[in-house]
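Peer 1: Model the following, please.
(one chain, ligands or ions: 1)
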Amino acid sequence: MSDSLTAECERILVVKDPASSAEAIVAVHSTHLGPAHGGIRRWPYESLEAAMADVVALARAMTFKCALAEVPAGGGKAVIVDRPGLDRAAAYRLVGRTVEQLGGTFFTGPDVNTSAEDLRWVAEETRFVATDAADGPGDLAAATSEGVLSALLALAIELDCLPAQMHVVVQGLGAVGMGCAARLAKLGVRISVHDVVADRVAHAVTNYGAVAIDADAVTQTECDVFAPCALGSVLTEDVANNLPARGVCGAANNIFANDTAADQMHRRGVVVVPDFIANAGALIQGALWNLKQERIEPERLARIGATTKEVLSRSRASDRAPITVALELARERLQPEH
Ligand code: NAI
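Peer 2: Numbering: from 1, shown residues only. Okay, here's the model as predicted:
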């Protein structure tokens, strides 16, 4: 699988910094629709082969995400092999030099374990990186919250549910989840929330009228929509079989813990909005800034709702899981004539 994905990529650069021994891989999967976009992940991979398998899969996922978000961009990704004693500055500068070498065919930014400080090291070596600088693309997490809301409202229509009658369980009240809770509360949606940080829960209870629930209740509370905004892999086999929700729509990446959970949930009639459609707000805002220095209007993010609607109606008509339909739609948009 990873061999064929490797072959699909337009460019793969495996790089090493001799002074520090830091190792990284930068993969450009596709520039068919425009320059590749993808963040930098730092992870303790067991081997360079494991890092390679991850980077090519993540880069391809970005190609699909861009196609569905209708941005003139393609998929890429960078990974750093994390090790005890890693010289982080050297590792991120190495990625920066590699990105610069790609001459604007790849733009990068944050991903798992990459902080704003790390990105400043990258920015010392390349222009093609989104940092939190004042002249940057703006509040990307807010764009993600706005996009999740747009997808969630399209899901509500599919479920025949008005916002004022809706109950949403939000897991994770970080930058994105809190933004979602605020926006849902404004529409009169009833929300139940959980976060491992008590202050964040208290903030949502006080400001948005949320009900606090404990960790176990997150996937056991009857609701219209479960909104995972914390971690990936939340839809395990057990959750897929038992989640008492009619739909799922949130920001967390890679929500399915295994390959069968999507079909299991579809068979149970639980409508799951693909995460890479719902959480594309930051990509849209960041890519349009990188490529056109364009500050997007909120309406641009509403297209996430339109794509969600198209995918859910195709899913219903063909009786296939939304994620299957979404990948098909992405492939259509990637056809040469498109
Ligand atoms: P964040 O780090 O600001 O917030 C995550 C929140 O989840 C924190 O409040 C944390 O305490 C909480 N949390 C961690 N473990 C938990 C658990 N077991 N139960 C309940 N809460 C838990 O992250 P952010 O930026 O809000 O992102 C949320 C998710 O959305 C992540 O999975 C991220 O990969 C994804 N995402 C974020 C984007 C963005 O623009 N920030 C874009 C696309 C995806």
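Peer 1: The ligand contacts on the stretch 151-300 of the chain?
Peer 2: The stretch 151-300 of the chain comes close to the ligand at residues 171-177, 194-197, 200, 229-231, 251-253, 279, 282, as judged by C-beta under 6 Å from any ligand atom. From N, CA and C alone the C-beta is placed, and that goes for glycine too.
Peer 1: which among those residues end up buried?
Peer 2: Neighbour counting over these (16 or more other C-beta atoms under 10 Å) leaves 171-173, 175-177, 194-195, 200, 229-230, 251-253, 279, 282 as the buried ones.
Peer 1: Without its sequence neighbours, what residue ends up closest to residue 119?
Peer 2: With C-beta to C-beta, 6 or more residues apart in numbering as the criterion, residue 119 has its nearest non-adjacent residue at 4.8 Å, and that residue is residue 131.
Peer 1: is it true that that neighbour lies in a helix?
Peer 2: No: secondary structure assignment (DSSP: H, G, I helix; E, B strand; the rest coil) places residue 131 in coil, not in a helix.
Peer 1: before we move on, the earlier item: just the ones of the buried ones among the residues of the stretch 151-300 of the chain next to the ligand in strands?
Peer 2: With DSSP state E as the criterion, strands contain 171, 194 from among these.
Peer 1: mind listing which of the buried ones among the residues of the stretch 151-300 of the chain next to the ligand are in helices?
Peer 2: 175-177, 200, 282 (DSSP state H).
Peer 1: And these, which two are furthest apart?
Peer 2: Using C-beta to C-beta, those reach their maximum pairwise distance at 200 and 282, which is 19.8 Å.
Peer 1: Now for residue 104, how many residues are close by?
Peer 2: By other C-beta atoms under 10 Å, 13 other residues sit near residue 104.
Peer 1: how close does it sit to the ligand?
Peer 2: The span separating residue 104 from the ligand equals 23 Å under the rule C-beta to the nearest ligand atom, to the nearest Å.
Peer 1: Residue 131 now?
Peer 2: Per C-beta to the nearest ligand atom, residue 131 is found 14 Å from the ligand.
Peer 1: Now do the phi/psi pair for that residue.
Peer 2: Here the main-chain torsion angles of residue 131 (degrees, to the nearest 10) amount to phi -110, psi -180.
Peer 1: list the contacts for it?
Peer 2: With C-beta atoms under 8 Å, 6 or more residues apart in numbering as the criterion, the residues that contact residue 131 are 116, 119-120, 122-123.
Peer 1: Pull out the buried residues from these.
Peer 2: Of all the contacts of residue 131 considered here, the ones buried according to neighbour count by 16+ other C-beta under 10 Å are 119-120, 122-123.
Peer 1: Show me these that map onto helices.
Peer 2: Taking DSSP H, the ones among those that sit in helices are 119-120, 122-123.
Peer 1: Look at the closest residue to residue 132 other than its chain neighbours and report its pLDDT.
Peer 2: Of all residues not flanking residue 132 in the chain, residue 116 sits nearest, at 4.8 Å (C-beta to C-beta, 6+ apart). What the model reports for residue 116 is a pLDDT of 89.
Peer 1: what residue ranges in the stretch 201-338 of the chain score low on pLDDT?
Peer 2: Of all residues in the stretch 201-338 of the chain, those with pLDDT under 70 make up the ranges 337-338.
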